[in-house]
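Engineer: Sequence and predicted structure are below.
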Amino acid sequence: MPFITGEDAKIVGDILTKLPRKVKLIYFTQELECQYCRETRQLLEELRDLSGGNVELEVYNFVNDKEQVEKYKIDKIPATVILADEDLGIRYYGIPSGYEFGSLLEDIQTVAKGQPDLSQETINLISQIDKPLRLQVFVTPTCPYCPNAVMLAHKLAMINKNIVADMVEASEFPHLAVKYHVQGVPRTMVGESYAIEGALPEPHFVQRIMEGYRQMYPEG
């Protein structure tokens, strides 16, 4: 049974068929011992089919396709990468359902457009990041505030190749939720030890990320 039906399918189709350029989704999965892998693949296939050729989908096996897994540094599944001509550091770990489906759709549009909507102050600050930085935004599908944090983190990754930004569905990866003390969402981890609670406005979010980055690289 399709996930995207009726009026929703028409709205999504209208959006995707009008993308200014093609976008590629790269999906990592396996058949066994993966909660929601099959459902995530079905959702991505529906997006592809509604896009009129504007969304391409590549599917890889997490166990067998080691070259691709290493290329994109995928460490858990289900995993979805969104890119255009090059890897932009945008990752989804877990099924992008509920409110996070909106994040996925918005990310596809932003990648197709090629330039995220960010203030010049944000661009100037984020350009100072010259060492590897991983952002992990922990979410749940029922959290209405989570998409803002996810999309902002992904936009930052788009403008700086040193940043990789992950959406992590907390209930699908409970060991990570425990490791990073996720008691509420969104919770954004900057590296391994600096946390940002809640969905902050862009200037405050960026300032906190820079604080976390400077803690990681105090000599930098």
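Structural biologist: That came through fine.
Engineer: Could you verify my assumption that Leu133 touches Lys161?
Structural biologist: No. Counting by C-beta atoms under 8 Å, Leu133 stays clear of Lys161, with 10.5 Å between them. (C-beta placed from N, C-alpha, C; glycine too.)
Engineer: So if I had to pick from the two, which one is more boxed in?
Structural biologist: Leu133 (22 against 14; other C-beta atoms under 10 Å).
Engineer: in the sheet, who's paired with that one?
Structural biologist: With DSSP bridges as the criterion, Leu133 is bridged to Ile163.
Engineer: For it, give me its contacts.
Structural biologist: With contact set as C-beta atoms under 8 Å, 6 or more residues apart in numbering, Leu133 has these partners: 162-164, 190-191, 209, 213, 216.
Engineer: If we use 10 Å, what do you get?
Structural biologist: Leu133 sits next to 89, 126, 156-157, 160, 162-165, 190-191, 209, 212-213, 216-217 when contact means C-beta atoms under 10 Å, 6 or more residues apart in numbering.
Engineer: thinking again about what came up before, and for Leu133 and Lys161, which residues touch both?
Structural biologist: Contact criterion C-beta under 10 Å, 6+ apart; residues shared by Leu133 and Lys161: Gly89.
Engineer: Give me the domain ranges for this structure.
Structural biologist: 6-113, 120-216 (automatic domain parsing).
Engineer: So which of the contacts of Leu133 sit within helices?
Structural biologist: Members of the contacts of Leu133 lying in helices (criterion: DSSP state H): 126, 156-157, 209, 212-213, 216.
Engineer: mind listing the strands for the protein?
Structural biologist: For the chain, the strands defined by DSSP state E occupy 23-29, 55-61, 79-83, 87-93, 133-139, 163-169, 187-190, 194-197.
Engineer: Next, format the ones you listed as TSV and append distance to Leu16.
Structural biologist: TSV is the format used below for the strands of the chain (distance: least, C-beta to C-beta, whole Å):
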stretch	distance to Leu16
strand 23-29	9
strand 55-61	6
strand 79-83	13
strand 87-93	17
strand 133-139	23
strand 163-169	20
strand 187-190	28
strand 194-197	31
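Engineer: how about the ones you listed, which one is nearest Asp8?
Structural biologist: Evaluated over the strands of the chain, closeness to Asp8 peaks at strand 55-61, with 16.0 Å, by C-beta to C-beta.
Engineer: What strands line up against that closest one, and which way round?
Structural biologist: Here strand 55-61 has these sheet partners by DSSP bridges: strand 23-29 (parallel).
Engineer: average pLDDT for the partner strand?
Structural biologist: What strand 23-29 shows for mean pLDDT is 98.
Engineer: now stretch 147-155
Structural biologist: Averaged across stretch 147-155, pLDDT comes to 98.
Engineer: what's stretch 1-19 in contact with?
Structural biologist: Here stretch 1-19 makes contact (C-beta under 10 Å, 6+ apart) with 23, 39-40, 42-43, 45-55, 84, 95, 97, 101, 105-106, 108-109, 111-113.
Engineer: Specify the stretch among the strands of the chain that is closest to Ser119.
Structural biologist: Proximity to Ser119 (C-beta to C-beta) singles out strand 163-169 among these, at 16.7 Å.
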